[in-house]
Structure formats: C-alpha cells, structure tokens
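Below are the sequence and a predicted model for it; my questions follow.
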Amino acid sequence: MVDSRGSPSFQSLHLNGSPQAWPSQVAARHHGVGDPTHPAIVSAPSGERSVSDERHPSIDNMNPLLALQSDATKILSSLLPSGTHVALLDFPRHQNAGDSFIWLGTLMYLKEIGVSVDYVADVHCFDIADLRRCVPTGPILITGGGNFGDRWTEHQNFREMLITSFPDRQIIQLPQSLDFESKDGLEKAQIALNGHPDLTILLRQSVDMARAKEWFPNSEHIFCPDLALGLGKLEKNGQAAHDVVLLLREDSEAVAGRDVAAFSELEYKLTDWHLDLKSQFMWHIYRLPENIARVLPISRPHLLNAIQWSYVKAANLNLRGGIKTVSMGRVLVTDRLHGMFLGALLGLPTIAIDNANGKVLGIFRDYLNTFTHVEMAESLDDAARRAKSILSSQFSNN
C-alpha cells in the first residue's frame, strides 16, 4: 500500500482490515497471529478513546497499568504531535519474545497518539535511501529495550550509526536501560551521541537518569515506562498444566542459574523464550521477504510493504508463543524482565529474580511493584518458597 505522498504506508498495512476501535473488554480467549482483534494490531481513531478509559477493564489489579499507560502516552504525545510522520528503526528480528512485546506496544502507543509510522527496518534491512524516500522529514525513532550499551554490540553500533548519520533530524531513543561494561564502549557511545543537536533519550528505569545526564549531557533525558505496557491487559491461553513455569535466561544476562532443585516438590516446567515447531516454521516463512531483500538488495524497495507486514506477523508470533508458555503454570518464576511484564499483564502470580545488569529489580522498584500479583525473590530457593506459599493459598481458597 502507498500513502498520499507515494511512500509505503506502514500504518495502513498493519491495520488493514482491522476494526477501527478498541474493544471495551479483551475477549475471553487468546487472540492469535492474524486475528484482527488482537490487542497488538487493533487501533482507535484519533480522539475516539484514550489510553486511560475503556481500553482495558478497570479492575483493581490493573489500575497501575492504566496509570502507567497514561504516563507514557503523555510523554510520547509531548514529543510527537498528532499527524507526525516517523521512521521506527531496529525491529527485533529474533525470537526474544520480550523485544516483540516492546515493539508491538510501541505501535499501539503511536497509533493512539495519531503518529504515522511510514518506515520500519531492522539492522540488516535498513537503507538510508529508503528512509529518506519514505520519511523525507520528521523524527527517527529507535526501538526501546535493553540493548543500549556494549553487551549487545550489533544494536549499539546501529544506534550510533543512525545518530551520526542524521544530524539534521530529531532522533528519539524510545525507553531503554543503559548497560555499559567497558570504558571504551561508553566513550565510543559518547562521541556519537554527544555530537547530535536534537537527541532525546527515554529511560525506563530511574537509576539510569543520573547516568544518562552524566554520560550524555547534550541530550534530553525523560523517564518513561517500558512501552510493552502498551499491549494492555492480556488473556491466558488455556488451563495451567504445571504448578510453576520457570522462565529462566540462558544468555549473558543470567545470574540465577538453572539449578531448580528447590522446586523438586512441585510440578514445574523449565524453559526460556522458545517457539514450538509449527511456529518455528511460520517464523521462517515470515522471514522470506527480508531474506530475499538481503540476498537481492535491488529488490528491497519493492519489498518494503512485504517486509513490514512480516515484522508484524513475526512479532505477534512471539507474543502468542510467550503467552502460551507462561500460561502453562499457575505461578510464573522468571529472571526475564518481560517475563515479569507478561505475568503482570496476564494477571498471573509472578515471582521475579534479578538479572545481571539489575534491570529486573530496578523496574520492579520503579513501577511493577504496584501490581499486587508480582513480587521479587532474592534467589531460586527464595522463589521456590514463595511459589509454594502462593500455591498453598490458591488451594486453600479453592
């Protein structure tokens, strides 16, 4: 699809065929990939409903969600007036479901405030000429998450390239956590960022505000809740088959380990973000337009709509897989930040354990502690004790 300016229109693409209003209640079933009523792809016309009214059921343990959504909406709308055309860059082209939650939540917020997303790209499919053609003027948005630093260098290098390549454009880094382990990595970032005249950095945890002001003094810094909350209240997928789902990291951010002996008295499932075989197959199908464009760069301008369609499908695939995974347990124990977010949005009793860079505990202290069904544990042993207490209480209440 092409908008009135002759550029590919991402908004019309991903909302094509969708009802143009939020449902007042989330349906009592999980919405799957391709379902036009999925909360990640339904939008409201500008001015019809706000984030803080009928979008989500106003039940007690969701009131914190409404407040956090309202905060994020006010911040984004102050930076991006209705009618603004933007590029949204660094699509998470991997199966870490948490990054897909952020990206889909970002689309919801941008649609809510009347912002048109006219160009979307990941690290490998990005092209400066495509961006300039699709969004000749206007802000460049960089997807939020936890890759601002020298731990995940591919994304940081991309961020720095964008900031140095577009000194004439407003650039907004959507909510991130800062994670620099080396002096060299930080100094490299400072050279790139401190030379930009119009850079705004949104930070999703308060501890990073002071760091950002010290490290990047020429930028504007704003505290903003993680945009995954834009997904709103979600519904669990089916009945729990286990006492506990242990959603534990297997990468460099893991500190809790995977010694789950303390859970031996419980029926548990040990896992991480993974797609089942059918979803894996669909993932590779959705990646075809992107892969063709990488092999045949001359085809890329003609595949932009297909690539952007595939992003939405792949992200929703991760969302559905994440919900399916955590819904298998009556209690969720996780050291993944967006495992904690997903538990919060599902209303699932959730016990979180901190990760290597402290973002899980930091964000819990900043705002996720307002969800009464989410709590922190100091270790897997502590989490096991808490899980047993929750399960015992559930049994007593039944």
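Ah, there it is.

quick one: pLDDT of His30?
Note on His30: pLDDT of 30.

Same question for Ile75.
According to the prediction, Ile75 has pLDDT 97.

Wait, it touches Cys224, no?
Yes - the criterion here is CB atoms under 8 Å, and Ile75 meets it with Cys224 at 4.8 Å. Just so you know, the C-beta spots here come from the backbone N, C-alpha and C atoms, and that holds for glycine as well.

shared neighbours, those two?
Leu202 (CB atoms under 8 Å, 6 or more residues apart in numbering).

Which parts of the protein are strands?
85-89, 116-121, 140-142, 145-149, 171-179, 199-203, 220-223, 242-247, 268-271, 329-334, 350-353, 374-377 (DSSP state E).

could I get the ones you listed as CSV with distance to Ala293?
Formatted as CSV, these follow (distance: least, CB to CB, whole Å):
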stretch, distance to Ala293
strand 85-89, 15
strand 116-121, 10
strand 140-142, 20
strand 145-149, 23
strand 171-179, 24
strand 199-203, 29
strand 220-223, 34
strand 242-247, 33
strand 268-271, 33
strand 329-334, 35
strand 350-353, 38
strand 374-377, 40
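
Throw those strands into JSON lines and include mean neighbour count, thanks.
Written out in JSON lines, the entries for the strands of the chain read as follows (neighbours: other CB atoms under 10 Å):
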{"stretch": "strand 85-89", "mean neighbour count": "23"}
{"stretch": "strand 116-121", "mean neighbour count": "24"}
{"stretch": "strand 140-142", "mean neighbour count": "24"}
{"stretch": "strand 145-149", "mean neighbour count": "24"}
{"stretch": "strand 171-179", "mean neighbour count": "24"}
{"stretch": "strand 199-203", "mean neighbour count": "23"}
{"stretch": "strand 220-223", "mean neighbour count": "16"}
{"stretch": "strand 242-247", "mean neighbour count": "24"}
{"stretch": "strand 268-271", "mean neighbour count": "16"}
{"stretch": "strand 329-334", "mean neighbour count": "26"}
{"stretch": "strand 350-353", "mean neighbour count": "27"}
{"stretch": "strand 374-377", "mean neighbour count": "19"}
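
Can you give me the end-to-end span of stretch 262-273?
22 Å (CA to CA, to the nearest Å).

got it, and stretch 204-223?
6 Å.

now what about it, what contacts it?
75, 144, 175-178, 180, 186, 189-190, 193-197, 199-203, 224-226, 358-359, 362-363, 366.

hmm, 6 Å instead?
Contact partners of stretch 204-223, identified using CB atoms under 6 Å, 6 or more residues apart in numbering, comprise 75, 175, 177-178, 193-194, 199-203, 226, 362-363, 366.

just stretch 369-382 next, same as before
When contacts are defined by CB under 6 Å, 6+ apart, stretch 369-382 is touched by residues 61, 64, 256, 262, 344, 349-353, 364, 368, 383, 386.

Just the closest of those to Phe101, please.
Nearest to Phe101, judged by CB to CB, of the contacts of stretch 369-382 is Ala344 at 11.1 Å.

Name all residues that make contact with the closest one.
Residues in contact with Ala344, defined by CB under 6 Å, 6+ apart, are Leu368, Phe371, Val374.

got it, and Leu234?
Per CB under 6 Å, 6+ apart, neighbours of Leu234: Leu345, Leu346.

Okay, it and Glu375: tell me how far apart.
Per CB to CB, to the nearest Å, Leu234 is found 19 Å from Glu375.

which one of the contacts of Ala344 is nearest Leu303?
Closest approach to Leu303 among these (CB to CB): Leu368, at 38.7 Å.

On the strand side of things, show who the residue nearest to the closest one when sequence neighbours are not counted bridges to.
In space, Leu368 comes closest to Val374 once its chain neighbours are excluded; the distance is 5.5 Å by CB to CB, 6 or more residues apart in numbering. Following DSSP bridges, Val374 is listed with bridge partners Thr350.

Looking at Val374 now. What's its pLDDT?
Looking at Val374, its pLDDT reads 97.

How about the one 4 residues further on?
Looking at Glu378, its pLDDT reads 94.

Next: the one 5 residues further on.
Taken from the predicted model, the pLDDT recorded for Ala383 is 95.

ditto for the one 10 residues further on
Ser393 is assigned a pLDDT of 86 by the prediction.

For it, the count of nearby residues, please.
Neighbours of Ser393 under the rule other CB atoms under 10 Å: 11.

Ok, Asp382 next?
Asp382 - counted by other CB under 10 Å - has 14 other residues nearby.

Okay then, goodbye and thanks.
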